[in-house]
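**Q** Sequence and computational prediction follow.
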Amino acid sequence: MAWNTLIFYLLGGLAVLSALGMVVASNPVHSAIFLIFSFFNVAGIFVMLGAEFLAAVQVIVYAGAILVLVLFVLMLVDPEDLPEFHTARPVQRTVGLLLGALLMLELGLAILTRTVVGGFDQELYPGILGFPAIPENVAAVGGNTQAVGNVIFSQYVLAFEVISLVLLVGVVGAIVLALPERLGEQVRQRTGTISLGHPRGTDQDGDLALPSGPRGETPMPATPTAERTDEPLDATRELILVRDPDRYTTIGRDR
Amino acid sequence: MLVDLSLLPSPDWLLALPQLVVLALAIVLLFADAFTPRHTHSRVLTALSLLGYGLAAASLWFVDGKNQATFWWLFRADGLSVFLSLVILVAAALTVASAASYIDRLEGRMPIGEFYVLLAFSTLGALFVASAGDLVMIFIGIELSSLATYVLTAFAKRRTSAVEGAMKYFLLGIFASAILVYGMAWIYGATGTTNLDGIAASLQTSVQGTGFLEPSLLFALLLLVVGLGFKMAAVPFHFWTPDAYDGAATPVTAFMSVVPKAAAFAATIRILVQAMGPMREEWLNLIAALALLTMAFGNVVAISQRNVKRMLAYSSIAHTGYMMVGLAAYRTESGFGGSAGAGDQAVASLLFYLFAYAIMNIGAFAVVAWLQHRGRGLTLDDFSGLGATQPLAAAAMTVFMIALMGIPPTIGFYAKYRVILAAIESGPVGLFLAIAIVVLSAVSAFYYLRLVAVMYFNEPIREPRQTSTPLLNAGIGAMAVATIAGGLVFAPQIFDLAERWYRALSVVAQVGGGA
């Protein structure tokens, strides 16, 4: 028992520390390595809980697939091209810190006081099988990999099938967005900065005067059928690093 | 044995008929896109889409009144799912009508086959949310719907504003999804089930017991409301809305202002009313505060917009607020498994509003698309003198504007009237919200009527280009007629249909037998 506790704290502590390191590290590759290390520690905790299936998935999907993808993308991008993060105003930072602390407090409270609130009345739901997933039931089917398989392909089979549709949409969408309109067309470099927290456009200059000339977005080119043009929009822009937090969004605005 | 597979009953596929029809439509479109000859390509695909949505809507007749759950409680066919599916399918069909010529002719050459396929998948996801019986299905349905909508937003990829809007929508949308699924995980941890009725039963026992509410449940509630608020564009979580609506191609904007919003409200009703109904004292005030904020912000900011698409984006935020008032007016005392009460009026008014909003909002965007066909832009000035040069289009736009404002002969008035009625009946908070709706509708009159004034009282700026868009014309005509006829004649019938949503709560008693 004592060994278990010791190992748990070792794994948990390392996971937390490497997660911290992931956030703090300035080199994105270091961040990725820290993240992998954190994932392995979490997988270790899963093993300790007797959830071997989850541990295997954690290693294969997160440490294996996703992190390799992250590193792959990082290696493709020239480190000189990575945009800087702009830091917020002091007020925003203070408020953010306060809100974060509040959220942390709430989360801590929720974790410390948690219980399962109600029993699940099996008699009310004759169609649902497999509750509750307690150790005896899991052992009866021969381990939790079998138990998860059983549930996925019986009770949750509809959800499982719909997920395959989500993947299909991903494939179709990626092709639509990435395919050049003409074969052989070079994909032009499109770089710019988008602020997620600030809508762009006319709502920022608060001029309410009624009649005036066209403002905001220029009217989009409406080409009729006869004079269709295939010239791609010139989207080449220089990379813009945001140093001044007031210059939020550069895309679609002439500078 | 955890699950004895031989004992499992086989699912009732007929209950999922509308979803299956739309799925078949998506697959057929994928193949038809590749194999249809070039000169009939666009027409065939459009006809197939309209036929598919029509068939799916017709198949709702088979499902209507069944009130059963299947696929081991993952899927439900009840009053709520039927009405929401109707709204979603009508919106999808109207989008096809307003999109066909736009996608084919404007903004370069957009691939119409992929457009219809993604539209069908987005609709399918929304339909799955509408008839979900489990948190897992709600989440997957929302993801299917959103993922297709992200791609549709970036569909006019030659314009950087489209890419920017899609990027914002995508990044903020996946944050919201993560928050939502985290809330669901907490709910599962606290109640031991992801089944909606199971959660309600668990909460019922805990709420009636000691009167002490778990902080973990409140935390979960908070996360869920934040996640759902993003998806339906309620105010502190609305930052993506104007840019995404403005950047997307106009028919896509029409679609994404209705169908993902309907899916978000479907998820909200399923989660908050059906699953967390016993905790309603906790979420009612939260929703009421968000509703007030949303209405006020949307209406006030819409005033300063000169781009009509941005104006309609903020107006759609305001309408989200009106609909949330319908949710905040939910006050059913009978609780889980109960029959119709005062609260049913409230949710029914929300559902009816969603229906009305679908027709009038898609109508307004369709007129904008109609003008773009004729070489006009998106600013207010592009509408000047429309009453003189194109009286029919101006008349249709006027109908949609006064419907969005909520003026009597239209369906928009009846919808707002029902929401206000439900709010007044619900108590002092509701009364305050009702007054807020009236005041803010007066504010909204400014920007809606300004557009009407520009169309009728300004001089035309230039001669419009001549094009023929028969399907779009027919669609706008149908929506204008439906907006007026819906208000004058059919409103009570549609409201009766919406009122049957409460059967969603009694599915357990009918099927379970153990209750």
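**A** Everything's here; your move.

**Q** Which stretches in the stretch 1-150 of chain B count as helices?
**A** Applying DSSP state H, counting those that start in this stretch to the stretch 1-150 of chain B gives helices spanning B:17-35, B:41-63, B:79-105, B:112-130, B:135-153.

**Q** For chain A, which of those helices is the nearest?
**A** Of all the helices of the stretch 1-150 of chain B, helix B:135-153 sits nearest to chain A, with 3.5 Å by Cβ to the nearest Cβ. The way it works is simple: take the backbone N, C-alpha and C, and place the C-beta from them, glycine included.

**Q** Count the neighbours of residue 69 for me.
**A** If you meant another chain, say so; for now it's chain A. Other residues within reach of residue A:69, judged by other Cβ atoms under 10 Å in any protein chain shown, total 10.

**Q** nope, chain B
**A** Neighbour tally, residue B:69, other Cβ under 10 Å: 29.

**Q** beta partners of it?
**A** Taking DSSP bridges as the rule, residue B:69 bridges to residue B:76.

**Q** That one reaches residue B:132, doesn't it?
**A** No - contact criterion Cβ atoms under 8 Å: residue B:69 and residue B:132 do not qualify, at 10.3 Å.

**Q** Show residues contacting stretch A:21-29.
**A** A:30, A:31, A:32, A:34, A:35, A:38, A:71, A:74, A:82 (Cβ atoms under 8 Å, 6 or more residues apart in numbering or on different chains).

**Q** Within reach of chain B, which of those residues are there?
**A** Subset of the contacts of stretch A:21-29 in contact with chain B: empty, counting by Cβ under 8 Å from any Cβ of the partner chain.

**Q** contacting residues around residue B:238?
**A** Counting by Cβ under 8 Å, 6+ apart, residue B:238 touches B:294, B:297, B:298, B:317.

**Q** give me that answer again for 7 Å
**A** Going by Cβ atoms under 7 Å, 6 or more residues apart in numbering or on different chains, residue B:238 touches residue B:317.

**Q** Could you list the low-pLDDT ranges of the stretch 51-200 of chain B?
**A** In the predicted model, the stretch 51-200 of chain B carries no residue with pLDDT under 70.

**Q** Repeat that for the stretch 301-450 of chain B.
**A** For the stretch 301-450 of chain B, the stretches with pLDDT under 70 are B:332-343.

**Q** Can you show me the strands along it?
**A** Remark: no strands are assigned in the stretch 301-450 of chain B by DSSP state E, counting those that start in this stretch.

**Q** near chain A, which residues of it?
**A** Applying Cβ under 7 Å from any Cβ of the partner chain, one finds that the stretch 301-450 of chain B approaches chain A through B:301, B:303-307, B:310, B:372-373, B:375, B:377-379, B:381-382.

**Q** give me the residue from chain B nearest chain A.
**A** Closest point on chain B to chain A, by Cβ to the nearest Cβ, is residue B:377, at 2.5 Å.

**Q** For burial, what's the neighbour tally of that residue?
**A** 21.

**Q** how much space between it and residue B:157?
**A** Distance, residue B:377 to residue B:157, using Cβ to Cβ, to the nearest Å: 20 Å.
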